[in-house]
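Novice: Sequence and predicted model, in that order:
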Amino acid sequence: MLENLLTKQYLMPWILLFTAALGIFIWRFLGVVLSNKIEKDSNFSKWINAVAYAMTTGLMLRIIFFPTGALASTELFERLLAFIIGILAFLCFPKKPILGLIIGIITFAALIFYKLYF
């Protein structure tokens, strides 16, 4: 039965989406169940937090320095400047972190627009 599903090309995106969602939600469910059993200030909790920050930082640096797809056609300077301005905005408005994201996106869009039309 699984072979029949995998040979139908129109179902493949849905199968992949379901599999990815299942993988994500299993870990989220386990996090909710186990969160009461882990102390907030324990070494294990600090280690998990450090690993999460390291993975996020690694992903951001990979996107900036080794982009793929449409982002690969942009200059490193444009990606780096938008990232730095977004981080500075994030640090200036610590109670509204979404502003850092929005300002970074607007900066990147403005740099691309300027490059294309001026």
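Specialist: Alright, I've got the coordinates. Just so we're clear, the structure is a prediction, and the values are computed from it rather than from any experiment. Residues are numbered from 1 along each chain as shown.

Novice: okay, CA-based contacts and neighbour counts for the rest of this
Specialist: Noted.

Novice: And Lys8, how far from Ile15?
Specialist: Relative to Ile15, Lys8 is positioned 10 Å away (C-alpha to C-alpha, to the nearest Å).

Novice: what about those two, which has more around it?
Specialist: Ile15 (13 against 9; other C-alpha atoms under 10 Å).

Novice: list the helices and strands the helix or strand hosting Met55 packs on?
Specialist: Using DSSP states H and E, Met55 sits within helix 43-65. Here helix 43-65 touches helix 76-92, going by 3 or more C-alpha pairs under 8 Å, 6 or more residues apart in numbering; DSSP states H and E.

Novice: what's around Gly86, how many residues?
Specialist: 24.

Novice: Look up how far Ile38 lies from it.
Specialist: 33 Å.

Novice: Torsion angles phi and psi at Pro94?
Specialist: phi -70, psi -20 (degrees, to the nearest 10).

Novice: Same check on Lys40?
Specialist: Per degrees, to the nearest 10, the backbone of Lys40 is at phi -70, psi -30.

Novice: Likewise for Glu75?
Specialist: Dihedral pair for Glu75: phi -80, psi 150, per degrees, to the nearest 10.

Novice: and what of Lys37?
Specialist: phi -90, psi -10.

Novice: before we move on, what about Phe93?
Specialist: Note on Phe93: backbone dihedrals following degrees, to the nearest 10 are phi -120, psi 70.

Novice: burial of it, as a residue count?
Specialist: The burial count for Phe93: 13, using other C-alpha under 10 Å.

Novice: thought it was touching Leu99?
Specialist: Yes - the pair Phe93 / Leu99 is scored as a contact, 7.2 Å apart, by C-alpha atoms under 8 Å.

Novice: List the buried residues of stretch 30-46.
Specialist: Within stretch 30-46, no residue qualifies as buried by neighbour count (16 or more other C-alpha atoms under 10 Å).

Novice: tell me the mean pLDDT for it?
Specialist: Averaged across stretch 30-46, the pLDDT comes to 86.

Novice: Lovely, talk soon.
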